[in-house]
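K.L.:
Predicted model follows, preceded by the sequence.
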Amino acid sequence: MTVIRTPDHCFQNLPDFPFKPRYLEINGMRIHYIDEGKGKPVLCLHGEPTWSFLYRRMIPLLAKTHRVLAFDFVGFGRSDKLTEPQEYSFDLHRKTLIGFIDALELNEITVVVHDWGGPIGLRVVTELPDRFVRLVILNTFLPTGEERPSKAFLSWRDMVERVAPDLPIGSIMRRALPNATAEIIAAYEAPFPTAAYKAGAVAWPLMVPLEREQPVAAEMRKTREVLSRWEKPALIMFSDNDPILGGAYAFFREMIPSAKKQPEIIIRGAGHFLQEEKGAEIAQHILAFMEKPPAIS
């Protein structure tokens, strides 16, 4: 197993990203995170193929009254990377996130999940329920291999298989964010200077189970089972223009009992990466949600 690290110079001149990088050693890997503000923790988990940069528009607003942590999974952002897609696994990401929570002794967490941050983050929630007091769920999924994925996802997965290992991160983000500046697209490309750094981004789409017997499917069934009895506050916010995951909004609202107690919120005029396009609006919804005292069991 070869571990590599994106050079620091790749992260120079990031737009609207003044946050000090912080690092922890977890299971032999250097993990990067942002830690801003004081108060009860808000833990923000990114997905594919992004990193903590995705949350930059939300962090300053949330950090006025809370401690905001945005974590880079192994293979993304400033965290260490492995060079082969097969070296990545759901269990690697799950154990890294648990190690991060343990190392910082985080409790009474409000977790914000998006894309692959959902399957991994919500699995950890169901394993460590006493650590979490609220869920904020944005454009994500819990795939068990039993439902047919959207055509858009299957097309995306096929493309990843065709072009691997050199996934065109910039082109992917440019198509998803047509109004983003060249500097913003470059910031999403920054962690991936060559194909060798992209193995984690290649691995995630191929990790989605298409059949019930695949390993991640069993983890997602366990997650669904626990969340179907979840009574602590849960806020579901999806955008109105996500061709891959947009249909999962109703699934989460129906599955999680406490989600029905919250207002229905659709973020208008945004695609899959809604934090990039509507970060301030999402942060305001989260702050309003957090003003309500959680039920701590």
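P.N.:
Arrived safely.

K.L.:
so where's the stretch 151-297 of the chain uncertain?
P.N.:
294-297 (pLDDT under 70).

K.L.:
Which parts of it are helices?
P.N.:
151-163, 169-176, 182-189, 199-207, 215-227, 248-255, 274-290 (DSSP state H, counting those that start in this stretch).

K.L.:
closest one to residue 242 among those?
P.N.:
Each of these was scored for nearness to residue 242 using CB to CB, and the closest is helix 274-290 (7.7 Å). Placement of C-beta: from N, CA and C, glycine included.

K.L.:
and that closest one, how far out from the chain's middle?
P.N.:
Averaging C-alpha positions (CA atoms, centre = their mean, to the nearest Å) puts helix 274-290 15 Å from its chain's average.

K.L.:
repeat for stretch 81-88
P.N.:
Averaging C-alpha coordinates over stretch 81-88 and over its chain gives two centres that are 19 Å apart (CA atoms, centre = their mean).

K.L.:
What lies in contact with it?
P.N.:
The contact list for stretch 81-88 (CB atoms under 8 Å, 6 or more residues apart in numbering) reads 1-6, 74-75, 164-165, 191, 196-197, 199-200, 202-204, 206-207.

K.L.:
cool, stretch 216-232 as well?
P.N.:
Contacts to stretch 216-232, defined as CB under 8 Å, 6+ apart, come from residues 90, 94, 119, 122-123, 125-126, 129, 132-135, 142-146, 207-209, 211, 255-258, 294-297.

K.L.:
buried subset of those?
P.N.:
Among these, the ones that count as buried by 16 or more other CB atoms under 10 Å are 90, 94, 119, 122-123, 125-126, 132-135, 142-145, 207-209, 255-256, 258, 294.

K.L.:
Run a quick neighbour tally on residue 201.
P.N.:
Here the number of neighbours of residue 201 (other CB atoms under 10 Å) works out to 24.

K.L.:
Once you drop chain neighbours, what's closest to it?
P.N.:
Taking CB to CB, 6 or more residues apart in numbering as the measure, residue 201 lies nearest to residue 49, with 4.0 Å between them; neighbours along the chain are not counted.

K.L.:
any idea of the pLDDT on the one you found?
P.N.:
According to the prediction, residue 49 has pLDDT 98.

K.L.:
Contacts only, for it.
P.N.:
76, 167, 169, 172-173, 188, 192, 198, 201, 204.

K.L.:
Which of those residues sits closest to residue 16?
P.N.:
Using CB to CB, residue 188 is the member of the contacts of residue 49 that lies nearest residue 16, at 13.0 Å.

K.L.:
shouldn't that closest one be in contact with residue 175?
P.N.:
No. Under the criterion of CB atoms under 8 Å, residue 188 makes no contact with residue 175, lying 11.9 Å away.

K.L.:
just the strands in the stretch 1-150 of the chain please.
P.N.:
Listed in chain order, the strands of the stretch 1-150 of the chain (DSSP state E, counting those that start in this stretch) span 3-4, 22-26, 29-36, 41-45, 67-71, 81-82, 109-115, 132-140.

K.L.:
How about the contacts made by the residue lying closest to residue 161 once chain neighbours are set aside?
P.N.:
Ranked by CB to CB, 6+ apart and with sequence neighbours excluded, the top spatial neighbour of residue 161 is residue 206, at 6.9 Å. The neighbourhood of residue 206, defined by CB under 8 Å, 6+ apart, consists of 85, 157, 160-161.

K.L.:
That concludes my questions; thank you for your assistance.
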